[in-house]
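1. A predicted structure for the sequence below; I have some questions about it.
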Amino acid sequence: MKKYFLCVFLIVTFFTGYAFADSKDSLSIYGLVKNPLSISMQDLTKFQSIQVQMNEVTNDGEFRGVFHYRGVPLRTLLELACIKKNKKEFSKSVDLAIAIRNKKGSQIILSWGEVFYRNSGEILIATAAVPIMPHKDCKGCHSLEFYKPLIDQLHRNICFPKLVVAGDSFADRSLEEITDIEVIDITPIINDKKEPKLFSKQFRITGYGVKPFSLSDIAQYPRKNMRLKKIGEGKGYHGILQASGASLKQILENAGIKPDLNTVFIVSAPDGYRSLLSCGEVFLSPSGDQIIIADRINGQSIDSGGKFILLISNDLMADRWVKSIEKIEVILISNKTLGLAQN
């Protein structure tokens, strides 16, 4: 009830004069939200903004410039719309996805967790940009033919509003001229059978683009050790853990999974607990290297409730951690998939 009144307060306070119907040049927020919104560029500029630097180089090496972007945290807009999950059997939002689309029909998928369990300045809806110009020319080390196209990128026309994922190592998820933000729950299309007992001696990797296989031992992967704070939304601080295991990114790479910004990974346990990670946060963000499948905690093998735990060290809350991993499912989220998921 408190969250409901907070949403109403935010709308009355910050959204006076904003349109709630579709308009030609508006940004629409819909899906699993209480208050679907349609926000114009002019209205976006009225929000309190923050500034981030983005060094725009894509994963394939394309240089798109270096800019200071100013805009509104995506989290602010989603809190204004008030995300509302319909499932009573699993009410946590940790398995939700957020689809971002632009006028050209391009789409990328974010996880709920990377928006709400990280500092809000990492993902912006930008409304303005200023290029960061180099102080010296490049004549001494490169020819004009080489560096002029790079300088030209600093003067290029940027189409707003623009999704800026400032925390990524590469700029593939920074999408210009976005028109739609949809909060979705894809789990209705997952064929999962809930088991009452929390135990799994192995986990299975299955789904889009992968030949299904099971792992009962991760000794063949390089050992990764981490020190984590365990802080949950429900029970708060529960100490510091020494964890040891294998990188989820490396396990997925070895399984032959190719990065696709429209895919997500659902990690689930026999009791139905699950969390969702986006392909981008695993493969493009430095945080992806800090996501592990652990088989040892505080120097001891995990014997109670299964052998493996998903740990996400850069999350501010531990609620996306999954004990007793039973399955990792790779799912491609296309527009067709979205239609199935929302019915």
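-> Cool, the structure landed. Numbering: from 1, shown residues only.
2. For the stretch 101-250 of the chain, which segments count as strands?
-> 107-111, 123-131, 162-165, 178-184, 203-207, 213-215, 224-232, 236-247 (DSSP state E, counting those that start in this stretch).
3. from what I can see residue 78 touches residue 115, true?
-> Yes: at 6.7 Å, residue 78 and residue 115 qualify as touching, with contact defined as C-beta atoms under 8 Å. C-betas here are computed from N, CA, C, even on glycine.
4. which residues are common contacts for those two?
-> Shared contacts of residue 78 and residue 115 (C-beta atoms under 8 Å, 6 or more residues apart in numbering): residue 98.
5. which one of those two has more residues nearby?
-> residue 115 (23 against 20; other C-beta atoms under 10 Å).
6. Which residue is the nearest non-sequential neighbour of the more buried one?
-> Computed as C-beta to C-beta, 6 or more residues apart in numbering, the closest residue to residue 115 that is not its neighbour in sequence is residue 75, at 5.4 Å.
7. Check whether that neighbour sits in a helix, strand or coil.
-> Under DSSP: H, G, I helix; E, B strand; the rest coil, the three-state class of residue 75 is helix.
8. so what's it up against?
-> Residue 75 neighbours (C-beta under 8 Å, 6+ apart): 115, 116, 120, 123.
9. Closest one to residue 57 out of those residues, please.
-> Residue 57 has its nearest neighbour among the contacts of residue 75 in residue 123, at 18.1 Å by C-beta to C-beta.
10. What is the neighbour count of the closest residue to residue 174 other than its chain neighbours?
-> Closest residue to residue 174 apart from its sequence neighbours, by C-beta to C-beta, 6+ apart: residue 164 at 5.2 Å. Residues within reach of residue 164, counting by other C-beta under 10 Å, total 27.
11. Quick one: the helices in the stretch 1-150 of the chain, in order.
-> 2-14, 41-44, 74-81, 112-116, 144-153 (DSSP state H, counting those that start in this stretch).
12. Show me what the second one packs onto, helices and strands only.
-> Right, the one you point to is helix 41-44. With contacts taken as 3 or more C-beta pairs under 8 Å, 6 or more residues apart in numbering; DSSP states H and E, helix 41-44 sits against strand 123-131.
13. quick one: the helices in the stretch 151-300 of the chain?
-> With DSSP H, counting those that start in this stretch as the criterion, the stretch 151-300 of the chain has helices spanning 248-254, 279-283.
14. if I pick residue 55, what's in contact with it?
-> 66, 171 are the contacts of residue 55 under C-beta under 8 Å, 6+ apart.
15. ok, 7 Å please
-> For residue 55, the contact set (C-beta atoms under 7 Å, 6 or more residues apart in numbering) comprises residue 66.
16. tell me which residues form a beta bridge with it?
-> Note on residue 55: beta-bridge partners by DSSP bridges are residue 66.
17. circling back: of the contacts of residue 75, the lowest pLDDT goes to which?
-> The weakest per-residue confidence within those falls on residue 120 (90).
18. Now for residue 150: which residues touch it?
-> So residue 150 contacts residue 63 (C-beta under 7 Å, 6+ apart).
19. repeat that for 10 Å
-> 63, 64, 65, 66, 134, 138, 142 (C-beta atoms under 10 Å, 6 or more residues apart in numbering).
20. nearest to residue 288, of the residues you listed?
-> Closest to residue 288, out of all of the contacts of residue 150 and judged by C-beta to C-beta, is residue 64, at 21.3 Å.
21. thinking again about what came up before, by neighbours, which of the contacts of residue 150 wins?
-> Going by other C-beta under 10 Å, residue 65 tops the contacts of residue 150 with 20 neighbours.
22. is it true that it touches residue 54?
-> Yes: applying C-beta atoms under 10 Å as the test, residue 65 and residue 54 come out as touching, 8.6 Å apart.
23. overlap in contacts of these two?
-> In contact with both residue 65 and residue 54: 129, 132, 171, using C-beta under 10 Å, 6+ apart.
24. Can you give me the separation between residue 250 and residue 211?
-> 17 Å (C-beta to C-beta, to the nearest Å).
25. So for those two, which residue has more residues nearby?
-> Regarding residue 250 and residue 211, a neighbour count based on other C-beta under 10 Å identifies residue 250 as having more, with 16 against 8.
26. Distance of residue 163 relative to residue 251?
-> 28 Å.
27. What's opposite residue 296 in the beta bridge?
-> Here residue 296, judged by DSSP bridges, has bridge partners residue 244, residue 301.
28. Look up the pLDDT of it for me, please.
-> 95.
29. and it, how many neighbours?
-> When neighbours are counted by other C-beta under 10 Å, residue 296 comes out with 16.
30. I'd like to know how far it sits from residue 203.
-> Counting by C-beta to C-beta - residue 296 and residue 203 are separated by 16 Å.
31. Now that residue 210 has come up, it's in contact with residue 332, right?
-> No: here residue 210 does not reach residue 332: they are 11.1 Å apart, not a contact under C-beta under 10 Å.
32. what touches both of the two?
-> Common neighbours of residue 210 and residue 332 (criterion: C-beta under 10 Å, 6+ apart): none identified.
33. was I right about residue 80 contacting residue 29?
-> Yes: here residue 80 reaches residue 29: they are 8.0 Å apart, a contact under C-beta under 10 Å.
34. what's the overlap in contacts for the two?
-> 35, 37, 39.
35. before we move on, the earlier item: would you point out the most distant pair within the contacts of residue 150?
-> 64 and 142 (18.2 Å).
36. Deepest in the core, which of the helices of the stretch 151-300 of the chain is it.
-> Across these, averaging neighbours per residue (mean count of other C-beta atoms under 10 Å) puts helix 279-283 on top, at a mean of 25.
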